[in-house]
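Trainee: Fold the following.
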Amino acid sequence: KQAALASEKRRRRRESHNAVERRRRDNINEKISELATLIPECMLDGATASTPTEGDVLAAEPPTPGGASTTGNGNGSGGEKEEANGVVKANKGMILRKSVEYIRYLQQLVSAQASRNRDLEQQLSVYRAGSPGSP
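Mentor: Next comes the predicted model:
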């Protein structure tokens, strides 16, 4: 009887732990899927995307996909699975990598825009100071 109670207690504890883990995994998967919807599709179309350049940042265009780099085993870099039609399926790791890349790109864009705004404000103040009848 003692053994049966102990066994039942272990089973309930294991089931509880499994349920907690399942909820944790489901939450992670849901947020990764949400991230995938927030980054431009063009970044998920290829296995790799070129790193944004200063011109990209100033032109306000997101990084574009590069050629699919593959290893000898037919998988893209980072373990992405290449489908029969040559399109690389976005897996969790790829979604996370591309999200980080896109956030860094957006940070560069904000910085470049702030710098441009400062330059324009300086030009405007010089213009206002030099024109007659300005306040």
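Trainee: Lys40: neighbouring residues, count only.
Mentor: I think there's a mix-up here, since residue 40 is Pro and not Lys. Applying other Cβ atoms under 10 Å, we find 16 residues neighbouring Pro40. The C-beta positions use only the backbone N, C-alpha and C, and glycine is treated the same way.
Trainee: hang on, it packs against Tyr102?
Mentor: Yes: if you go by Cβ atoms under 8 Å, Pro40 and Tyr102 touch, sitting 7.1 Å apart.
Trainee: remind me which residues of the protein are low pLDDT?
Mentor: Filtered on pLDDT under 70, the chain yields the residue ranges 46-88, 132-135.
Trainee: contacting residues around the closest residue to Met43 other than its chain neighbours?
Mentor: Excluding the flanking residues, the one nearest Met43 by Cβ to Cβ, 6 or more residues apart in numbering is Lys98, at 4.7 Å. Neighbour list for Lys98: 39, 43-44, 49, 90 [criterion: Cβ atoms under 8 Å, 6 or more residues apart in numbering].
Trainee: out of the residues you listed, which one sits closest to Val20?
Mentor: Ala90 (27.7 Å; Cβ to Cβ).
Trainee: Got phi/psi on that closest one?
Mentor: phi -70, psi 120 (degrees, to the nearest 10).
Trainee: And it, how far from Leu96?
Mentor: 10 Å (Cβ to Cβ, to the nearest Å).
Trainee: More neighbours: these two, which one.
Mentor: Ala90 (20 against 13).
Trainee: And that one, how far from Ile32?
Mentor: According to Cβ to Cβ, Ala90 stands 10 Å off from Ile32.
Trainee: Give me the neighbour count for Ala4.
Mentor: 8.
Trainee: Good, wrapping up.
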